[in-house]
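Pasted the sequence and its predicted model underneath.
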2 protein chains.
Amino acid sequence: MNSMDFINLGQYLKEKQKLVNRYLGLIFRKFDQRRELIKAMDHSLMAGGKRLRPILSIAAAEACKKDFLYALPACCAIEMIHTYSLIHDDLPAMDNDDLRRGLPTCHKKFCEATAILAGDALLTHAFNILSEPELVFEKYPDTETRINLISKISRAAGIQGMVEGQMLDMQSFLPEQNDNLARLKKIHALKTGKMITVSVEAGAKSVKADPERIKKLGVYAEKVGLAFQVVDDILNIEGDPEIMGKSAGSDALNDKMTFPAIIGLDESKKFAKILIDDAIDSISQFDKAASPLRAIAGYVINRDH
Amino acid sequence: MNSMDFINLGQYLKEKQKLVNRYLGLIFRKFDQRRELIKAMDHSLMAGGKRLRPILSIAAAEACKKDFLYALPACCAIEMIHTYSLIHDDLPAMDNDDLRRGLPTCHKKFCEATAILAGDALLTHAFNILSEPELVFEKYPDTETRINLISKISRAAGIQGMVEGQMLDMQSFLPEQNDNLARLKKIHALKTGKMITVSVEAGAKSVKADPERIKKLGVYAEKVGLAFQVVDDILNIEGDPEIMGKSAGSDALNDKMTFPAIIGLDESKKFAKILIDDAIDSISQFDKAASPLRAIAGYVINRDH
């Protein structure tokens, strides 16, 4: 990173988180806050997520030197889909997690049925936001662009994307698998990679960036998305439990398929580094408007939680 | 019904079911049939549903004397959403049903996690179908119409519609309720009414019917939808368990809030009759192209399962 690229990433992330939270708040302000369904959706949506996906959307729009406010409907839709996936993944029938970010998971705070429905409603409402953004947002992409966003986001979230990734992840203990590294990469590419990639692309598409730029941003996103997972696995071994909000070594205890388990800790670190270098390379022709994207790539590999 | 209106409803339903099934088959043919997720989705989607919602869409398009093939993307999307809702409603945390239409429910045939994900994927893919129908359908509405369909369908299925209806239904045993009839009507209006109404409206919107007609069709649909539920409750008491595929009297055993339980069996029958008369009245200005809609209204009240 050269001096041209210097940005205060901490402040950038905070500002953009605040913006995304404000619009998520506006979306839900329209509903009766006493309703159990709304409470459950709100509990998980406002539980202090990093907002990585929407911030990537915004940073991608900025990298194309456009008004990133047009990306906010996609930002909110994507964050709602991400949140629904966490709620359903935490269910007893899936990962059976009691805590997320130090708070009780949705089914613990409410009940299983409510958590299933809160997830369903978040997923459904994500597509509502993209179909009638005028109810909440001042600026939004035209109809043609929004149909395209719905198509791309529904692909990334569904049968050939996130949902299939979760299916494969659940089946990842099956003994018949042999090429574990390829399999692990595939799981992550589907489970988290496609949604991270579509986040970046949706930001750029929302502001009608040219296809050549969108393509380069897509490569950036794929690399950053995979690096994020590799670093997650490393942090699970080396991270500070206090900062992580969960106990170190839980993956190994759960016999989970991870990068360190397959290629070793040192190789995993090298792999993450290569991915981030490739990500930054892929947007080398972007000028300093892409500084936030470059800084985020650096953050992904240097983060402590 | 006068002689002008005569149609062979049995044959009509069979033909349209076949058409809807053919397109649902085309949608899923694109995916690897050996995948567990696809198998689970297919199991529930192809379990012999009546296809009431898509057939209502088609009949509404026909009532407007337009080419109903334009309604097929909405038909399939709505049936996929209906199916996802059945899969999730059947889960142990919700209604805990082992059988549906004489077949094991999704979580019984596969597992709970797979059933949750199959539902999620069906819901997600419904919006994909509406955003890129050209991948499967020869005829489909223009972009503007499809964005409008996505907005209407996501409203009917989500926070202010079907999902909230299921939430209220789960809470319907709470003792603090007093006006039970109003409450029961509200539950049904949300849980099934909105999706049935949007089915009819989506059929008419898909063929660009004029708003006046769509409004009348909406009234028809609301009445038919509620009548459908009242008749369901009646059949639960009087129906033949062999034909119904479930034991009679199960609602009473489960202490379920039903129309007969609140207003009595005779009043329930009268109420259903009034609703159907109102439904047929609301489309009195439609000519014989609306015969299928009229016949379906008659079928709803005279059916034995």
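On my side now, so go ahead.

A:Ala74 is in what secondary structure piece?
helix A:72-90 (DSSP states H and E).

For chain B, tell me whether that helix is touching it.
Yes: Helix A:72-90 is in contact with chain B by CB under 8 Å from any CB of the partner chain, via A:84, A:88. In short, each C-beta sits where N, CA and C put it, glycine included.

so that helix versus helix B:72-90, what angle?
40 degrees (axes from the mean of the first three to the mean of the last three CA atoms, to 10 degrees).

tell me how far helix A:72-90 is from the chain's mean position?
8 Å (CA atoms, centre = their mean, to the nearest Å).

what do you get for stretch A:293-305?
14 Å.

What residues sit buried inside that stretch?
A:293-301 (16 or more other CB atoms under 10 Å in any protein chain shown).

Throw those into TSV and include secondary structure, thanks.
Compiled in TSV, the buried residues of stretch A:293-305 are given as follows (DSSP: H, G, I helix; E, B strand; the rest coil):
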residue	secondary structure
A:Leu293	helix
A:Arg294	helix
A:Ala295	helix
A:Ile296	helix
A:Ala297	helix
A:Gly298	helix
A:Tyr299	helix
A:Val300	helix
A:Ile301	helix
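
can you redo those residues as CSV with distance to B:Ile7?
Below are the buried residues of stretch A:293-305 laid out as CSV (distance: CB to CB, whole Å):
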residue, distance to B:Ile7
A:Leu293, 61
A:Arg294, 66
A:Ala295, 66
A:Ile296, 62
A:Ala297, 64
A:Gly298, 68
A:Tyr299, 65
A:Val300, 62
A:Ile301, 67
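
what mean pLDDT would you report for the helix holding A:Ala74?
The average of the pLDDT scores along helix A:72-90 is 98.

The following helix or strand past that helix pairs with which strands?
With elements assigned by DSSP H and E, the helix or strand that comes after helix A:72-90 is strand A:99-100. Strand A:99-100 has its sheet partners listed here by DSSP bridges as strand A:103-104 (antiparallel).

got the contact list for the strand it pairs with?
With CB atoms under 8 Å, 6 or more residues apart in numbering or on different chains as the contact definition, strand A:103-104 has outside contacts at A:43, A:47-48, A:98, A:109.

Can you give the distance of that strand from its chain's centre?
20 Å.

max-length helix in chain A?
Longest helix of chain A, by residue count under DSSP state H: helix A:211-238.

Buried residues in it, which are they?
A:213-214, A:216-237.

Pick out the residue closest to the middle of chain A.
Centrality entry for chain A: nearest residue to the mean C-alpha point is A:Arg53, 4.1 Å, by CA atoms, centre = their mean.

What angle do helix A:72-90 and whichever strand or helix holds that residue make with each other?
Assigned by DSSP H and E, A:Arg53 belongs to helix A:52-63. Orientation note: helix A:52-63 sits at an angle of 160 degrees relative to helix A:72-90 (the same axes, to 10 degrees).

contacts for helix A:52-63?
If you take CB under 8 Å, 6+ apart as the criterion, helix A:52-63 is touched by A:13, A:16-17, A:19-20, A:67-68, A:70-72, A:74-76, A:78-79, A:82, A:195-196, A:199-204, A:206-207, A:209, A:213, A:217, A:221, A:224, A:228, A:283, A:286, A:289-290, A:292-293, A:296.

Might you calculate how far it sits from the centre of the chain?
Using CA atoms, centre = their mean, the offset of helix A:52-63 from its chain centre is 11 Å.

what's the answer for stretch A:84-95, then?
On the basis of CA atoms, centre = their mean, stretch A:84-95 sits 16 Å off its chain's mean C-alpha point.

how long is that stretch end to end?
End-to-end distance for stretch A:84-95, by CA to CA, to the nearest Å: 14 Å.

do the same with stretch A:183-192
14 Å.

and what of stretch A:28-40?
Stretch A:28-40 has an end-to-end distance of 12 Å (CA to CA).

Give the rounded mean pLDDT of it.
What stretch A:28-40 shows for mean pLDDT is 95.

Give me the contacts around it.
In contact with stretch A:28-40 (CB under 8 Å, 6+ apart) are residues A:41-42, A:45, A:106, A:109-110, A:114-115, A:117-118, A:121, A:135-136, B:159-160, B:163-164, B:167, B:171.

Mark which of those are buried, thanks.
Judged by 16+ other CB under 10 Å, buried ones among those: A:41-42, A:45, A:106, A:109-110, A:114-115, A:117-118, A:121, A:136, B:159-160, B:163-164, B:167.

in what helix or strand does A:Ile274 lie?
Element membership for A:Ile274 (DSSP H and E) is helix A:265-282.

from the contacts of stretch A:28-40, which ones fall inside helices?
Using DSSP H, these in helices are A:41-42, A:45, A:106, A:109, A:114-115, A:117-118, A:121, B:163-164, B:167.

Alongside chain B, which residues does the stretch 101-250 of chain A contribute?
So the stretch 101-250 of chain A meets chain B at A:111-114, A:116-117, A:119-121, A:123-125, A:127-128, A:130-132, A:143-144, A:146-148, A:150-151, A:154-155, A:157-160, A:163-164, A:166-167, A:170-171 (CB under 8 Å from any CB).

Buried subset of the residues you listed, written for ChimeraX?
The following ChimeraX line selects those of these that are buried, judged by 16+ other CB under 10 Å:
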select /A:112,113,114,116,117,119,120,121,123,124,125,127,128,130,131,132,143,146,147,148,150,151,154,155,157,158,159,160,163,164,166,167,170
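
residues of stretch A:276-296 that come out buried?
Residues of stretch A:276-296 classed as buried: A:276, A:278-280, A:282-283, A:286, A:290-296 (neighbour count, 16+ other CB under 10 Å).

what about the closest residue to A:Ile296 other than its chain neighbours, distance to chain B?
Distances taken as CB to CB, 6 or more residues apart in numbering or on different chains put A:Ala59 closest to A:Ile296, at 6.2 Å, once the chain neighbours are dropped. To chain B, A:Ala59 is 25 Å away according to CB to the nearest CB, to the nearest Å.

just A:Ile276 next, same as before
30 Å.

which intervals of chain A have sub-threshold pLDDT?
By pLDDT under 70, the weakly predicted segments of chain A are A:1-5, A:173-177, A:241-248.

quick revisit: make CSV from the buried residues of stretch A:276-296 and add distance to A:Ile27 to it.
CSV is the format used below for those (distance: CB to CB, whole Å):
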residue, distance to A:Ile27
A:Ile276, 33
A:Asp278, 36
A:Ala279, 31
A:Ile280, 34
A:Ser282, 33
A:Ile283, 31
A:Phe286, 31
A:Ala290, 29
A:Ser291, 29
A:Pro292, 24
A:Leu293, 26
A:Arg294, 30
A:Ala295, 28
A:Ile296, 24
